[in-house]
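>>> Below are the sequence and a predicted model; questions follow.
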Amino acid sequence: MTAESTVASPAGPQRVPEGAFSDSAPGGRAAGRRTPAGWGARPRAASQAVLWLVDGAAVLPAALAVPAAHRYPLVFALLALGVLGLNHRASLYGASVVPGVLDELPALCARIAVGWAAVVALSPLGSLPMTVPAAAFAVHCLAACVARAVVHGYRCRVLRRRPSPALVVGPLTAARGVAAALLRHPECGVRPVGLVADGPEVPGDTDDEPGLPVLATAQDARRALIQNGVEAVLVVGAATRVEQAAVLRGLAGYGCVLWELAEDADTPSYGLRGRHERAELLAGFSCRSLEPGSGRRGGRVGKRVLDVVLSGTLLVLAAPVLLVCALALRVMDGPGVVFRQERIGKDGRPFIMLKFRTHRPASAHEAATRWSVANDQGMSRFCHFLRRTSLDELLQLWNVCRGDMSLVGPRPERPYFVAKFSQAHPGYPARHRMRSGITGLAQIHGLRGDTSIEDRCRYDNAYIDNWSLWQDVCILLRTAAQFVRPTGS
């Protein structure tokens, strides 16, 4: 995407997405935003902390099974920390639906076994007869399972007494089926308080279907959310994510956590589980979180480290190229080699993006509101060369070093086009969940310059939803392979 433009925008006529909340605060954040919770959040946060505690304390009975002369405090402390880390990696602390102890037994015991294997191999406990560590391992597993059973039992009782209010979004018949199933299974800890559907309210069979209000507009959904203190939104079926995208963004903006449920629990459900996700069932429906996939804190730190190291290295290596480009532009086109332009970055915050000037707009208004100059006949051959090879974008490495941008992410756009595209394409504002980038998933699939904005939204949001540090590395490698191809921008 270029900083300068001369053809009309492909965004089409401006319109407000039907069903969208209309009382958003500046920057795309809904007024009155609440802290995200999720169903059962009140007992859930406390139970997660208790699970960490009981998993760590479960090593104490195991230590008692070892002869007193071999009870090394440091060894058992490291064992406890190692098991906690392995359990965290296995997502044994993040389930929203209360699991059964038997469901957790294989993963829990496997992680404890790995911890004990490391202890026996690397510590003085390896000198003991194998029956001793084996017995201690068994005691460790038993203590952890019993303690977890107590915690899960307590949480189930709390969820029954204080279920979390939720809205069910989807086709009316399917939404009623999900709501009825949840009411039949109060142990899930979710109490539906309304159905968000486009169809007309048709009375259902009172023996099988709940008498819940059908909320046909975004205003009705917002009113129900505020009146009932809704914490979770259950999205029935993958198609609902697209059909009700505007309403779902509004609900998420008020702090609700979105969960996708299979539309029909009677048929197999595919694609509701990521490769590293644990399966969760809610009243028999497969479900997964639809929270933005911007990465955990450790992943975000790794992304920033990658940005700083690579951009700093590339700036040093590319310094001669930058100098040659700057001198050539100065000689051919006069002063004003660097083009500075306001772009919209993460969370809707503006920043000044840098690039080499390859075109001189007639006015500031033209620079801000005209689309692409890739085929402008007024540009010199050298400027066309800079644009074809993307050398004009190299100065953005400085934006990456400053923290305005990332190496990989959705391409930033000017405020004027952000406003237009946000109105024309419901998924466009969601791109600002992550720091914008020099390259991205859309760019390596050929979506540069005057190409479909809808396709870019889809690729950018898919990148954010499935973000990983390895995906960034792959995108950078593919960008490097395409760097000298005459794609234009």
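Here it is on my side, so go on. The structure displayed is predicted, hence computed values, not measured ones.
>>> Tell me where the model's unsure across the stretch 101-250 of the chain.
By pLDDT under 70, the low-scoring segments of the stretch 101-250 of the chain are 101, 198-210.
>>> could you pull out the strands for it?
For the stretch 101-250 of the chain, the strands defined by DSSP state E, counting those that start in this stretch cover 164-169, 190-196, 214-215, 232-236.
>>> nearest to C401, of those?
Nearest to C401 among the strands of the stretch 101-250 of the chain is strand 232-236; the distance by CB to CB comes to 39.1 Å. (Glycine included, C-beta is placed from N, CA and C.)
>>> what does that closest one contact?
37-39, 164-171, 174-175, 178, 190, 192, 241, 244, 248, 251-252, 256-261, 263, 282, 287, 290 (CB atoms under 8 Å, 6 or more residues apart in numbering).
>>> tilt between it and strand 190-196?
60 degrees (axes from the mean of the first three to the mean of the last three CA atoms, to 10 degrees).
>>> so how far is the first residue of stretch 459-475 from its last?
12 Å (CA to CA, to the nearest Å).
>>> Equivalent analysis for stretch 59-71, please.
Distance between the boundary residues of stretch 59-71 (CA to CA) amounts to 11 Å.
>>> Pull the number of nearby residues for N466.
Residues contacting N466 under the criterion other CB atoms under 10 Å number 12.
>>> Figure out how far the longest helix belonging to the chain is from the centre of its chain.
If you go by DSSP state H, the chain has its longest helix at helix 297-333. Relative to its chain's centre, helix 297-333 lies at 27 Å (CA atoms, centre = their mean, to the nearest Å).
>>> Next: stretch 282-289.
19 Å.
>>> pLDDT of it, averaged?
What stretch 282-289 shows for mean pLDDT is 77.
>>> Tell me which of the strands of the stretch 101-250 of the chain sits nearest to C109.
That would be strand 190-196 among those, by CB to CB, at 29.9 Å.
>>> May I see the PyMOL selection of the buried members of the contacts of strand 232-236?
For the buried members of the contacts of strand 232-236, the matching PyMOL selection, counting by 16 or more other CB atoms under 10 Å, is:
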select buried, resi 37+38+39+164+165+166+167+168+169+170+171+174+175+178+190+192+241+244+248+251+252+256+257+258+259+260+261+263+282+287+290
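>>> Mind checking which of the contacts of strand 232-236 land in helices?
Those of the contacts of strand 232-236 lying in helices (DSSP H): A174, A175, V178, R241, L248, L251, A252.
>>> And the last one, what's its pLDDT?
In this prediction, A252 carries a pLDDT score of 79.
>>> about what we covered before: which parts of the longest helix of the chain count as buried, going by neighbours?
Under the neighbour-count criterion of 16+ other CB under 10 Å, helix 297-333 has K303, L306, D307, L310, S311, L315, L322, C325, A328, L329, D333 buried.
>>> Among these, which has the minimum pLDDT value?
D333 (78).
>>> correct me, but that residue touches M379?
No - using CB atoms under 8 Å, D333 is not in contact with M379; the gap is 9.5 Å.
>>> so what's in contact with these two at the same time?
By CB under 8 Å, 6+ apart, no residue touches both D333 and M379.
>>> A246: neighbouring residues, count only.
17.
>>> gap between it and A430?
For A246, the distance to A430 equals 11 Å [CB to CB, to the nearest Å].
>>> next one: L386
Using CB to CB, L386 is found at 32 Å from A430.
>>> Got phi/psi on the residue of the chain most remote from its centre?
Farthest-out residue of the chain from its mean C-alpha position, per CA atoms, centre = their mean: A69, at 49.4 Å. Dihedral angles of A69 (phi, psi; degrees, to the nearest 10) stand at phi -70, psi -20.
>>> what pLDDT does it get?
pLDDT, A69: 89.
>>> of the strands of the stretch 101-250 of the chain, which approaches Q341 most closely?
It is, among these and with distance given as CB to CB, strand 232-236, at 37.6 Å.
>>> And the furthest pair within the buried residues of helix 297-333?
Most distant of the buried residues of helix 297-333, by CB to CB, are K303 and D333, 36.2 Å apart.
>>> doesn't L172 make contact with T240?
No - between T240 and L172 there is no contact under CB under 8 Å: 11.4 Å.
>>> And the strands in the stretch 251-400 of the chain?
Using DSSP E, counting those that start in this stretch, the strands found in the stretch 251-400 of the chain span residues 257-261, 280-282, 285-289, 338-344, 350-356.
>>> what's the most buried one of the ones you listed?
Of all the strands of the stretch 251-400 of the chain, strand 257-261 carries the top mean neighbour count, a mean of 24, counting by mean count of other CB atoms under 10 Å.
>>> Which residue, other than its chain neighbours, is closest to D455?
Distance criterion CB to CB, 6 or more residues apart in numbering; nearest residue to D455, sequence neighbours excluded, is L447 at 5.5 Å.
>>> how about that neighbour, secondary structure?
At L447, secondary structure determined by DSSP: H, G, I helix; E, B strand; the rest coil is coil.
>>> quick one, what contacts A136?
Neighbouring residues of A136 by CB under 8 Å, 6+ apart: A62, A63, A65, V66, W116.
>>> any idea of the pLDDT on P73?
Per the predicted model, pLDDT is 91 at P73.
>>> now the one 4 residues further on
The confidence metric pLDDT takes the value 92 at A77.
>>> buried ones in whichever helix or strand it is part of?
A77 is part of helix 73-89 when elements are defined by DSSP states H and E. Neighbour-count burial for helix 73-89 flags V75, F76, L78, L79, A80, G82, V83, L84, L86, N87 (criterion: 16+ other CB under 10 Å).
>>> Tell me how far R304 lies from P412.
17 Å.
>>> cool, G253 as well?
With CB to CB as the criterion, G253 and P412 are 21 Å apart.
>>> Neighbour count for these two, which is higher?
Legend: neighbour count by other CB under 10 Å for G253 and P412, higher for P412 (26 against 22).
>>> For that one, give me its contacts.
Counting by CB under 8 Å, 6+ apart, the residues that P412 touches are M1, R343, I344, G345, F351, M353, M405, S436.
>>> What residues are bridge-paired with the third one?
Beta-bridge pairing for I344 (DSSP bridges): P350, E413.
>>> mind listing what it touches?
P350, P412, E413, R414, P415, V418, H432, S436.
>>> Give me the buried entries from those.
Buried by 16+ other CB under 10 Å: P412, E413, R414, V418, H432, S436, out of the contacts of I344.
>>> D392: which of those is nearest?
Distances from D392 to the buried ones among the contacts of I344, taken by CB to CB, are shortest for P412, at 15.1 Å.
>>> Noted, bye for now.
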